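**Student:** next come a sequence and a model predicted from it.
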Amino acid sequence: MTTKSSPPGAKERILEAAASLFARRGYHSANIDEIVQQSGTSKGSFYFHFPSKEKMALGLVEQLSERLVRRVERSIEAETRPLHRISSAIDALLLTFSRQRRLAQILLVNIVGQGRALDKKFLPARDRFAALIQRELDGAVAVGALPPMDTVLVSHVWLGGLHEVILRWLMSERSVSLTDQTRTVRELLLRSIGVEPSHLEDSGPDLSRVSGQARTGLPLVMFVRRLLPANLSMKKKRNR
């Protein structure tokens, strides 16, 4: 009795070829024959590891998102101050995407975003990023660096904001630098939970302090208002 097998490294080569093709042409335009040809494997090897193109894409997104989460975790593992960990995690996430445009293209555009039915299957990968943010927020709340808050909601609001910033960077025809926007994004997100960014730059011993708004809990509506264009806010005032 013979046992089906696949050459060593075939799975990794298939995923790498798929990543390259998806980044250039998108999920729907790349077919299994092209993936097999570019990976230097065979259809037998492909179907040994993946029952379908969709399952292979799910495996690729899982691999890429897990790799990204680990990079962020490694970048903050030596930091013990809760609010600094949160700040550093934002920086690390944006820096990683800025250095790996293909990774961002695959995760945010060329696989995810191909229709509601398919996108629902990629939600676990998206939830992994939200869980990372929530974990750091929970840690800050637990030691009193932040007031009690709905960290699940906040983590998804943050993730949505980060998604839009990175997507804008990917789709912009102009030369937009993601790293140049990092400070502004970080400060906006921190202030949305009542943390004054300048406090994290102080040299004093109490680097976990938060603003008065955080001590009473910053309403989420205030965060949304800060996202509104200035001219829209002025129009509302004039109409009163």
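**Tutor:** Nice, I can see it.

**Student:** and for residue 52, the neighbour number?
**Tutor:** Residue 52 has 11 neighbours, counted by other CB atoms under 10 Å. Placement of C-beta: from N, CA and C, glycine included.

**Student:** I'd like the distance between it and residue 36.
**Tutor:** As judged by CB to CB, to the nearest Å, residue 52 and residue 36 stand 14 Å apart.

**Student:** ok, now residue 57?
**Tutor:** The value you get for residue 57 to residue 36, if CB to CB is used, is 15 Å.

**Student:** looking at those two, which one has more neighbours?
**Tutor:** residue 57 (25 against 21).

**Student:** my read is that that one contacts residue 19, right?
**Tutor:** No - counting by CB atoms under 8 Å, residue 57 does not reach residue 19; the two are 9.9 Å apart.

**Student:** in the helix or strand residue 183 falls within, what's buried?
**Tutor:** Per DSSP states H and E, residue 183 falls inside helix 178-192. Judged by neighbour count (16 or more other CB atoms under 10 Å), helix 178-192 contains these buried residues: 178, 181, 182, 185, 186, 187, 188, 189, 190, 191, 192.

**Student:** check stretch 133-148 too.
**Tutor:** For stretch 133-148, by 16+ other CB under 10 Å, it's 133, 134, 136, 137, 139, 140, 141, 145, 146, 147.

**Student:** model confidence over that stretch, on average?
**Tutor:** Regarding stretch 133-148, the rounded mean pLDDT is 95.

**Student:** from the middle of its chain, how far away would it be?
**Tutor:** 19 Å (CA atoms, centre = their mean, to the nearest Å).

**Student:** then stretch 176-196?
**Tutor:** The answer for stretch 176-196 is 14 Å, by CA atoms, centre = their mean.

**Student:** give the rounded mean pLDDT of that stretch.
**Tutor:** Throughout stretch 176-196, pLDDT has a mean value of 92.

**Student:** ok, so of the buried residues of helix 178-192, who is nearest residue 200?
**Tutor:** Nearest to residue 200 among those: residue 190, at 7.7 Å, using CB to CB.

**Student:** any idea how far that closest one is from residue 170?
**Tutor:** 24 Å.

**Student:** ok, and the closest non-adjacent residue to residue 190?
**Tutor:** residue 197 (5.1 Å; CB to CB, 6 or more residues apart in numbering).

**Student:** residue ranges with poor pLDDT in the chain?
**Tutor:** Scanning the chain for pLDDT under 70 picks out 1-8, 109-123, 173-175, 202-240.

**Student:** tell me which element the residue nearest the centre of it falls in.
**Tutor:** Geometric centre of the chain, nearest residue: residue 129, 5.5 Å, by CA atoms, centre = their mean. Per DSSP H and E, residue 129 falls inside helix 123-142.

**Student:** what angle do the very next helix or strand once past that helix and helix 123-142 make?
**Tutor:** Sequence-wise, the next helix or strand downstream of helix 123-142 (DSSP H and E) is helix 151-171. For helix 151-171 against helix 123-142, the angle by axes from the mean of the first three to the mean of the last three CA atoms, to 10 degrees is 130 degrees.

**Student:** what about helix 151-171, distance to the chain center?
**Tutor:** For helix 151-171, the distance to the chain centre is 7 Å (CA atoms, centre = their mean).

**Student:** what sits up against that helix?
**Tutor:** 90, 93-94, 97-98, 101, 104-105, 108-109, 126, 129-131, 133-134, 137-138, 141, 176, 178, 181, 185, 188-189, 192-193, 220, 223, 227 (CB atoms under 8 Å, 6 or more residues apart in numbering).
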